[in-house]
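Undergrad: Give me the fold of what follows.
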Amino acid sequence: MIPSKDRRIRVLVVDDSSFMRMAIRRILDQDPDIEVIGTAVNGAEGVRKAMELKPDLVTMDVEMPVMDGITALKQIMAKEPTRVIMVSTLTNEGAKATFDALEAGAVDYIPKNITDSTQAQSIFREEILRKVKGAVRSAGIRRAAALPGRQVSVVRKVTEARIPNARVSYVAIGASTGGPVALQEVLSRIPVNFPYGIIVAIHMPKAFTGPYAERLNAKCSITIKEAAEGDILKPGTALIAPGGMHTMLNRRPGGIIVHPVPIGEYPKYTYVPSIDLMMTSLADACGGSALGVILTGMGNDGFKGMQHLKSKGGVSLVQDEESSTIYGMPRACAEGGVADVILPLSQIGFEIAKIAERAYK
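TA: Got it, this is the predicted structure:
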């Protein structure tokens, strides 16, 4: 249920650190649209208070005594499904736990990055406010994600090709909120013999993209790795743009290569890594012979990149509203007139795979 515009967003804060509880509460209470209705010091207390207080959203720490955050999340989703945002440490272990939580039904996550740095504190404040408001205003509560292998019997494969007949030599995918689970669903449908290179930009911190690429590589048929300077876009491989910086694509004699750049060189791009910059540079590098895909996400990153790709002769596909965790990025493309095809998440991977079928005919 989405709170009415005249009612404040009711939030429960669950964290075993008194410093973090106070920091999060202070940030949220200062916003006139948000009200912290309670706090809890461990997962067990968090579950109990979630049942009693019925908040609009819960911020949940991952590592806690008595009951950890993922166990608490699973109990909340089983008993009283509620929007949950995980508060995760910027470590490999924190990344892996975060992805487990997203698959279990968490709507989003916030990197735990409060330090003495004024800039870090400002970034954390802006991110938690943006994500709390975005998650609560979204269409619905995410259920635990089914493993791709279990979906084959219930997902109807697209029988008619929908992507317009156009030259496609590369695929560029952008995602944000809800993206980790959505991207796994899409890439798990791509066959090992897919004839074109794939580049992915998903809004993640630096510490998360490496573990995420490893996770996807273990679950998908194609090869998936975190992109590095000089990597070439090649068939059967998906490269994940590294977090904490932007990624550009350049044409070189050996093919189209990855060139990560510091965010300070492109200050106008708010989201990191920027989907707009990635798609725009790929469109220029390949002369528009690409398919652009925009999955669930907050904001409008990807819209300008798709515009540029379309102007070069490329084609585009976006996720539909019903299957999106947050219908911000796909909506911007759909309403902006740059979406050739709009499909539910369960059909997007199959539709991309059809490009391979056409290539081999």
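Undergrad: V14 and V62 touch, don't they?
TA: No - V14 is not in contact with V62 according to Cβ atoms under 8 Å; the separation is 10.2 Å. Bear in mind the C-beta positions are built from the backbone N, C-alpha and C, glycine included.
Undergrad: what residues do those two have in common as contacts?
TA: Contact criterion Cβ atoms under 8 Å, 6 or more residues apart in numbering; residues shared by V14 and V62: G69.
Undergrad: Of these two, which one has the most company?
TA: The residue with more neighbours, out of V14 and V62, is V14; 31 against 25, by other Cβ atoms under 10 Å.
Undergrad: And for that one, nearest residue in space, chain neighbours not counted?
TA: Taking Cβ to Cβ, 6 or more residues apart in numbering, and ignoring the residues beside it in sequence, V14 has G46 as its nearest neighbour in space, at 3.6 Å.
Undergrad: Okay, domains of the protein per the record?
TA: Residue ranges for the domains of the chain, per automatic domain parsing: 9-136, 148-359.
Undergrad: Please enumerate the helices of the protein.
TA: Counting by DSSP state H, the chain has helices at residues 18-29, 43-53, 69-79, 92-103, 118-136, 148-151, 179-187, 206-219, 275-286, 303-311, 329-335, 345-359.
Undergrad: and the residue lying closest to G174 once chain neighbours are set aside, how many neighbours?
TA: Closest residue to G174 apart from its sequence neighbours, by Cβ to Cβ, 6+ apart: I275 at 3.3 Å. I275 has 34 neighbouring residues, counting by other Cβ under 10 Å.
Undergrad: Tell me the pLDDT of I275.
TA: Reading off the confidence values, I275 has pLDDT 98.
Undergrad: How many neighbouring residues does G254 have?
TA: G254 has 9 nearby residues by other Cβ under 10 Å.
Undergrad: ignore the last one, R130
TA: 15.
Undergrad: and the closest residue to it other than its chain neighbours, what is it in contact with?
TA: Counting by Cβ to Cβ, 6+ apart, R130 lies nearest to M298, which is 7.1 Å off, once chain neighbours are set aside. Contacts for M298 (Cβ under 8 Å, 6+ apart) come out as 130-131, 134, 176-177, 326, 328-329.
Undergrad: if you set the cut-off to 10 Å instead, what comes out?
TA: M298 makes contacts with 108, 130-131, 133-135, 137-138, 176-179, 203, 271, 325-329, as judged by Cβ atoms under 10 Å, 6 or more residues apart in numbering.
Undergrad: ok, so what distance separates it from E63?
TA: Plainly put, M298 is 26 Å away from E63 if you go by Cβ to Cβ, to the nearest Å.
Undergrad: Please apply the same query to K310.
TA: For K310 relative to E63 (Cβ to Cβ), the value is 45 Å.
Undergrad: Likewise for G288?
TA: 47 Å.
Undergrad: do K354 as well
TA: Per Cβ to Cβ, K354 is found 43 Å from E63.
Undergrad: cool, and P205?
TA: 17 Å.
Undergrad: can you check S122 too?
TA: To E63, S122 is 25 Å away according to Cβ to Cβ.
Undergrad: next one: G38
TA: For G38, the distance to E63 - Cβ to Cβ - is 20 Å.
Undergrad: burial count for the closest residue to K74 other than its chain neighbours?
TA: Closest residue to K74 apart from its sequence neighbours, by Cβ to Cβ, 6+ apart: A104 at 5.3 Å. Per other Cβ under 10 Å, the neighbour tally for A104 reads 21.
Undergrad: for the one 3 residues further on, same thing?
TA: Applying other Cβ under 10 Å, we find 25 other residues in the vicinity of V107.
Undergrad: Check T270 too.
TA: Look at T270: counted by other Cβ under 10 Å, it has 12 neighbours.
Undergrad: how about it, phi and psi?
TA: phi -70, psi -40 (degrees, to the nearest 10).
Undergrad: and it, what is it in contact with?
TA: Shown in contact with T270 (Cβ under 10 Å, 6+ apart): 203, 263, 276, 299-301.
Undergrad: any idea how far it is from S176?
TA: As judged by Cβ to Cβ, T270 and S176 stand 11 Å apart.
Undergrad: Next, show the common contact partners of those two.
TA: Going by Cβ under 10 Å, 6+ apart, residues that sit against T270 and also against S176 are 203, 299, 301.
Undergrad: how far away is the residue nearest to G174 from F194?
TA: From I275 over to F194 (counting by Cβ to Cβ), the distance is 21 Å.
Undergrad: Tell me if I'm right that S274 and G299 touch.
TA: No - between S274 and G299 there is no contact under Cβ atoms under 10 Å: 11.1 Å.
Undergrad: So between those two, which is more surrounded?
TA: S274 (28 against 18).
Undergrad: ok, now which ones touch the closest residue to the more buried one other than its chain neighbours?
TA: Leaving aside its chain neighbours, S274 sits nearest to H246 (5.1 Å; criterion: Cβ to Cβ, 6+ apart). H246 makes contact with 201, 259-266, 269, 271-278, 281, according to Cβ under 10 Å, 6+ apart.
Undergrad: same check, this time on D276
TA: By Cβ under 10 Å, 6+ apart, the residues touching D276 are 174, 201, 246, 266, 268-270, 300-308.
Undergrad: can you do 7 Å?
TA: Neighbour list for D276: 269, 301-302, 304-305 [criterion: Cβ atoms under 7 Å, 6 or more residues apart in numbering].
Undergrad: got a winner among those for most neighbours?
TA: G302 (34 neighbours).
Undergrad: With that, I have no additional questions.
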